[in-house]
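Student: A structural model of the following input is requested.
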Amino acid sequence: MKRIFITVFLTILSFSNGAFAQTFDPKVDQYNAWIFYTGNHKLSEKWGLHTELQWRRNEGFSEQMQNLVRFGVDYKINKTYMVTAGWAYVETFEYGELAKETPTPRFNQYAFNEQRIWEQFVINHEHIGRFQYDSRFRLEQRWLANLVKENGVDYTRPSDAYLAANPNAEDWRFRQRARYRFRVQVPLSNPEMKDNTLFFVASDEIFVNFGKHVTANIFDQNRLYFALGWRFNKDCNIQTGYMNQFIEKGDGIHKENNHTYQLALTYNLDFTTIFKKKSTEENE
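Tutor: Here you go, the predicted model:
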């Protein structure tokens, strides 16, 4: 099973690098910065709460790109498998070179928000030496706000006047997406991952569109990530690194290649310990 997932990971890397080499357009080479926090908080031996905040910026830190809030409920099947389901809110702003395209931009020129329901399945694979592997499968049901199809081709954000003149215009555009991420982590300053350890992490995640609303392309994007991290303890670590985000737009022609700096904090709370301590204090 481990060999199968490693083979899949290498295949994804080969595909994404090949796609990039064949289709990369220098006009959409961009430099972004993402800062985010994640936490999986234990409520019981089986149940937990997932929390996530992301602050995404374009042109380094100078321009707005996206803000994301994600919540979920975790269910730990055993030490190997965990499932999660939840909700996310994404706020996207006008950003980047495609919004400046002339004579008329087709992508990234409108600000809009998105409501999202998501489900995921995580597998923690058996370690190979000091190397740790995990896989994450995620499904997303996405509602993109206030976007309508105009002139049979372009999607635009409707004005109040447009909605008044077109009462049947859809307020939301529904899309579905599947994602698969394979990740490798390896401790550097210690022979095993333990408290106060410097580690290296690499991952690749591919996104594909599915369902009746797929437009010109099934492939959506690929995220290739490398970082160094410091594990303070089993519940807290910080990572800093580089992500290449390659996006293919809905027309199958326009593309983005985003060079992205990432700074990520993971901090998990064990509420079972907190509740147990509070109960003990009340009984004293």
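Student: Show me where the stretch 51-200 of the chain has its helices.
Tutor: Along the stretch 51-200 of the chain, the segments classed as helices by DSSP state H, counting those that start in this stretch run 160-165.
Student: now the strands for it?
Tutor: Along the stretch 51-200 of the chain, the segments classed as strands by DSSP state E, counting those that start in this stretch run 63-76, 81-92, 112-124, 132-145, 148-150, 154-156, 172-187, 197-210.
Student: List the neighbouring strands of the last one plus their orientation.
Tutor: Partners of strand 197-210 in the sheet, by DSSP bridges, are strand 172-187 (antiparallel), strand 219-233 (antiparallel).
Student: again, but for the third one
Tutor: Strand 112-124 has the following strand partners under DSSP bridges: strand 81-92 (antiparallel), strand 132-145 (antiparallel).
Student: Please apply the same query to the first one.
Tutor: Strand partners for strand 63-76, identified by DSSP bridges, are recorded as strand 47-58 (antiparallel), strand 81-92 (antiparallel).
Student: about what we covered before: redo the strands of the stretch 51-200 of the chain as CSV? Include mean pLDDT, mean neighbour count and distance to K42.
Tutor: Just so you know, the C-beta spots here come from the backbone N, C-alpha and C atoms, and that holds for glycine as well. Converted to CSV, the strands of the stretch 51-200 of the chain look like this (pLDDT from 0 to 100; neighbours: other Cβ atoms under 10 Å; distance: least, Cβ to Cβ, whole Å):
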stretch, mean pLDDT, mean neighbour count, distance to K42
strand 63-76, 97, 17, 9
strand 81-92, 97, 17, 12
strand 112-124, 95, 16, 15
strand 132-145, 95, 17, 18
strand 148-150, 54, 14, 44
strand 154-156, 57, 15, 42
strand 172-187, 94, 18, 20
strand 197-210, 97, 18, 21
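Student: among the ones you listed, which is nearest P103?
Tutor: Closest approach to P103 among the strands of the stretch 51-200 of the chain (Cβ to Cβ): strand 154-156, 13.0 Å.
Student: follow-up on the earlier one: which one, of the strands paired with strand 197-210, ends up nearest to L53?
Tutor: strand 219-233 (18.1 Å).
Student: Buried ones in that closest one, by neighbour count?
Tutor: Using 16 or more other Cβ atoms under 10 Å as the test for burial, strand 219-233 gives 219-225, 227, 229, 231.
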